[in-house]
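Colleague: just need the structure, nothing else, for what follows:
(chains A and B)
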There are 2 protein chains.
Amino acid sequence: MKASRFFIGTLKEAPTDAEIVSHQLMMRAGMIRRVAGGIYSYLPIGLRSIRKVETIVREEMNRAGALELLMPAVQPAELWQESARWEQYGPELLRIKDRHDRDFVIGPTHEEVVTDIARREIKSYRQLPVNFYQIQTKFRDEIRPRFGVMRGREFIMKDAYSFDRDQAGLAESYKKMFDAYVRVFTRIGLEFRAVAADNGSIGGSGSHEFHVIADTGEDAIAYCPTSDYAANVEAADALPLNATRAAPKEEMKKTATPGKAKCEAVAQWLNIPLERTIKSIILATENESAEPTIWLLMLRGDHSLNDIKANKQPGLAGYRFATEAEIIDTFGTPPGYLGPLNTKKPIKVIADRTVANMSDFVVGSNEVDYHTTGVNWGRDLPEPVVADIRNVLAGDPSPDGKGVLEICRGIEVGHVFQLGTKYSDAMGASFLDENGKPAPMQMGCYGIGITRILGAAIEQNFDGKGIIWPESIAPFEVVLCPMGYDRSEAVREQADKLYAALQAAGIDVVLDDRGERPGVMFADWELIGVPHRLVIGDRGLKEGKLEYQARRDAEATLLPVDDAANVVIEKVRAALARGVTQ
Amino acid sequence: MKASRFFIGTLKEAPTDAEIVSHQLMMRAGMIRRVAGGIYSYLPIGLRSIRKVETIVREEMNRAGALELLMPAVQPAELWQESARWEQYGPELLRIKDRHDRDFVIGPTHEEVVTDIARREIKSYRQLPVNFYQIQTKFRDEIRPRFGVMRGREFIMKDAYSFDRDQAGLAESYKKMFDAYVRVFTRIGLEFRAVAADNGSIGGSGSHEFHVIADTGEDAIAYCPTSDYAANVEAADALPLNATRAAPKEEMKKTATPGKAKCEAVAQWLNIPLERTIKSIILATENESAEPTIWLLMLRGDHSLNDIKANKQPGLAGYRFATEAEIIDTFGTPPGYLGPLNTKKPIKVIADRTVANMSDFVVGSNEVDYHTTGVNWGRDLPEPVVADIRNVLAGDPSPDGKGVLEICRGIEVGHVFQLGTKYSDAMGASFLDENGKPAPMQMGCYGIGITRILGAAIEQNFDGKGIIWPESIAPFEVVLCPMGYDRSEAVREQADKLYAALQAAGIDVVLDDRGERPGVMFADWELIGVPHRLVIGDRGLKEGKLEYQARRDAEATLLPVDDAANVVIEKVRAALARGVTQ
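Modeller: Numbers count the residues shown, from 1 in each chain, chains lettered A, B, ... in the order given. Now for the predicted structure:
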């Protein structure tokens, strides 16, 4: 491509509504333009990257045996009524009426349509398994669209749906998609993690999220650098940090801790490690015809409550924090010095796994300005109900026993999910098995956010000058910057020669023949993020040299004119070969 | 592709709502499935053809220098209000509201969005010309969607929009798109015509339609086989069929024509050629504060009125047919024997060009059962207002003077249009010219119905067995049908070898390894329309032969086993090379 025939819409400033760096840089690089809230046009430079993402995804879906089809954006309400999502789905589902006043939706996803296809087309076990995918425009009516392509309303997704005879088949289809996703993100060249959406074990989980690692990510991820283990912090198993409980050494003793309501302050005042203190969290659950039940959840002083895990405890689903009145009524004292000892009314106690193995610990005395030290299970308190109710921390043991957890932040760009028979049952998608008996199809669904990948890739790869694309999805792989293309015949000749050589080698190269000043050229292509740059100038040519600089390099290096094309071709090819399997 | 891993959804019967052959065959071949009225899913076999059409269109758009971008399906009402189409566009424009009750449309076309991009991005004449295109899903809320992909509601279009400094630039951009369209349809391998939407001359016209020729087409096209001339019959110039008017030879005479109200009957009764009779058509136009004006339009007996041309005559715009009461009031007689002679009230007369050059003609006498013969202009009737008000007929002279017209039927699959400054003026899309003065951009728009091309290609290419695809857009180029793939090692070995050889040559080949009976295999692939078939059987192999049959061939021919792959490769390559330019 010659830049003079292309459209370059770089901007000095990002609009004020662009809060995060990927949104700012996609605007400034001329990749996207806002049409309405959460709705964008993709300018030519942005679409080039989208198409490259799509091609990699398509190749890996095909390699995994999935079959591409295309379902409509506008879907009849009847299908969503059958699945009951017409009522269940929130206002993100844009419900519309056609000219005949019939109800439709603009599809945010396609489980209903694809299940309708499957139930009509698939009659026999001989037609299974099958996996249909599409790359298609979706609409989700976000209440507050923002962050550019990261949380838009209209966006491009790859969505795949597998149909199997039984759960074993589903597990196999799921594994194939999981492996294909690993190849996709490896080929794109992003640092990513497959994260179990529930318990973190790849084999046993019905759902995984694929996250691009970036400091600005919305999700916190616990992972083990020495094993495969990764899970959303919300879902990661927290093991006890003390394998067994030591025998009591201290006597229980009430101690003045004036004004020290927080564990950190208590530990400092008593000159003991924070790990000896207990944090008491008071919750309430409603009962139909009686007083609310009051719960005391005990966590080690340096730990924090995991809301999702707490909600899974028997009796605790739908809990709320107790009111101050309830606390005074139950503990005889306002919040600040609470504990399980000597409560005024009965409570239910749950101890976190780590707390359950502690001894000689410190709790609030249910009296202002007092804590009790040397408390022990069995001796001073009844044995508690034990559960995993805390968030994991960096340094915790990995639940797979293969190392120590670290925490990072991620941006979800893919999701694989075992649906089972949820939609097949609701919509009657069954087949005749080997014995001629009808059975519901086992379904899986598998999504990749095509446009979101651009944003995530930028959040992971940028600097003060702009975007730093991996070669795989860069709008151009190489830029040629001739200094004086319109003035110097030697420069023009050499630039044209390089351009021809790179094109002949299949390199996606742009020649900046706009006649702009070097500063403008360099700033544009650094902002756009082209990974490789060759500068052709009269001075260098006299010595038979060109300036080469990778986008990540701090300095340019000199290359002999005759080697330049081959050096760049090899670099691009090596990058594109990453993760490609035959 | 191996058929066992593909999804083949052929049907014995088409659904009853499929009225035309392309709709029936696309359903039966398993290319499309109905989701709602005018809304379809494209199954894998249908999507393969769509993608091939898209690729050809994309290559030719890029070759013509157009730049691909992607605009959203959901567009804010504000843009449509600026262009005034929010009010002007009929109910085909699906107007919707988002969760915040803001107005949007699902775009049937993108002039507003692209003009909004242009006015923001283009500041200077140096950025012009530019041509943006996209391949995108559109929605048009047809009142009665039918004919499958031919008149659907959700469909895929390529739409391009050019922006130029002036009209000369627009004409050049238009010519580039016109030429690109010729290459697209030539490469696809369809018989097509570029048809002037108004006066039929390529140079002077602001709009052309591209029609695929098919007997079932909705549009009648007049074209000259010995020149470039082609125009919609509605728009084709009808020249006088008699260059000059002969001198009168007969006396005017009232003649009894009992019960002969039609020209054909009169000519037969009087034993004269139909070309001597005149057809009188009585129209009325409303006047604000007076009686309606009554018009008599005179056509030769074998000619028919062209509604569009009549509407363009001064004073006739918005005409209606006169009522029987008006006719009796004006002519003194009911319809059947009407003419321009001796009317009871004054009328306005327009003679078609051919009528104006007739002499000694026959008209109704304004008396039941009587006609008047030997009527002549100037002598019996005042010289008339002359205009082109009829439809052309096969055999008419071509308006370019280069031959004789023929009539065929066509399906519109493309349209190129010079918009001028319609949208730039309405939406303020201007640029600074060489003198620093603002000027409106000159726009053109250029559409191709991607999904519609499939239907049109089938209407042009089918037989009793199914579809006959051109290689360029066939879901597969070659099918291998082994007889007993699961039973005969020799057959399987040879089939696998051919499959590998064809794949290595880049041929899009499908190997039918399903183990179906030959009848089922042949019927499926003939219905689907794969253009080349090789049959591998034990009997033939013993003699070193394979059966080859092109989809259009009546009979199979025998090929030596070792030649088969190369013969087929050459045939496919030759077909795909058609119309390809470097």
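Colleague: buried stuff in stretch A:412-426?
Modeller: Judged by neighbour count (16 or more other CB atoms under 10 Å in any protein chain shown), stretch A:412-426 contains these buried residues: A:412-421, A:423-424, A:426. All C-beta atoms are positioned from the backbone trio N, CA, C, and that covers glycine.
Colleague: do stretch A:235-249 as well
Modeller: Of the residues in stretch A:235-249, A:235, A:236, A:237, A:238, A:239, A:240, A:241, A:242, A:248 count as buried by neighbour count, 16+ other CB under 10 Å.
Colleague: one more: stretch A:254-270?
Modeller: For stretch A:254-270, by 16+ other CB under 10 Å, it's A:257, A:260, A:261, A:263, A:266, A:267, A:270.
Colleague: re earlier: tell me which two of the buried residues of stretch A:412-426 sit farthest apart.
Modeller: Greatest spatial distance in the buried residues of stretch A:412-426: A:413 and A:426, 28.5 Å, computed using CB to CB.
Colleague: what's across from the nearest residue to residue A:319 once chain neighbours are set aside in the sheet?
Modeller: Distances taken as CB to CB, 6 or more residues apart in numbering or on different chains place residue A:283 nearest to residue A:319, at 4.5 Å, with adjacent residues excluded. Residue A:283 has the following beta-bridge partners by DSSP bridges: residue A:295, residue A:321.
Colleague: which residues touch residue A:283?
Modeller: When contacts are counted by CB atoms under 8 Å, 6 or more residues apart in numbering or on different chains, residue A:283 touches A:294, A:295, A:297, A:310, A:316, A:319, A:320, A:321, A:322.
Colleague: closest to chain B out of those residues?
Modeller: Here the nearest of these to chain B, counting by CB to the nearest CB, is residue A:320; it sits at 28.2 Å.
Colleague: does residue A:35 lie in a helix or a strand, and which?
Modeller: Secondary structure assignment for residue A:35, by DSSP states H and E: strand A:32-36.
Colleague: mean confidence score for that strand?
Modeller: Strand A:32-36 shows an average pLDDT of 97 in the prediction.
Colleague: state the distance from residue A:135 to residue A:449.
Modeller: Per CB to CB, to the nearest Å, residue A:135 is found 11 Å from residue A:449.
Colleague: who's more crowded, those two?
Modeller: residue A:449 (25 against 20; other CB atoms under 10 Å in any protein chain shown).
Colleague: got the residues of the stretch 51-200 of chain A near chain B?
Modeller: Taking CB under 8 Å from any CB of the partner chain as the measure of proximity, the stretch 51-200 of chain A contacts chain B at A:65, A:67-76, A:91-92, A:94, A:96-99, A:104, A:106, A:113, A:116-117, A:120-121, A:127, A:130, A:132, A:137, A:139, A:141, A:143, A:153-154.
Colleague: can you count the residues close to residue A:364?
Modeller: Around residue A:364 there are 26 residues (other CB under 10 Å).
Colleague: ok, it to residue B:22 distance?
Modeller: In terms of CB to CB, residue A:364 sits 79 Å off from residue B:22.
Colleague: burial of the closest residue to residue A:184 other than its chain neighbours, as a residue count?
Modeller: Closest residue in space to residue A:184, ignoring its immediate chain neighbours: residue A:60 at 4.9 Å, by CB to CB, 6+ apart. Here the number of neighbours of residue A:60 (other CB under 10 Å) works out to 25.
Colleague: quick one: residue A:60 and residue A:185, what's the gap?
Modeller: Applying CB to CB to residue A:60 and residue A:185 gives a distance of 10 Å.
Colleague: follow-up on the earlier one: quick check: the farthest pair among the contacts of residue A:283?
Modeller: Using CB to CB, the two most remote members of the contacts of residue A:283 are A:294 and A:310, lying 14.4 Å apart.
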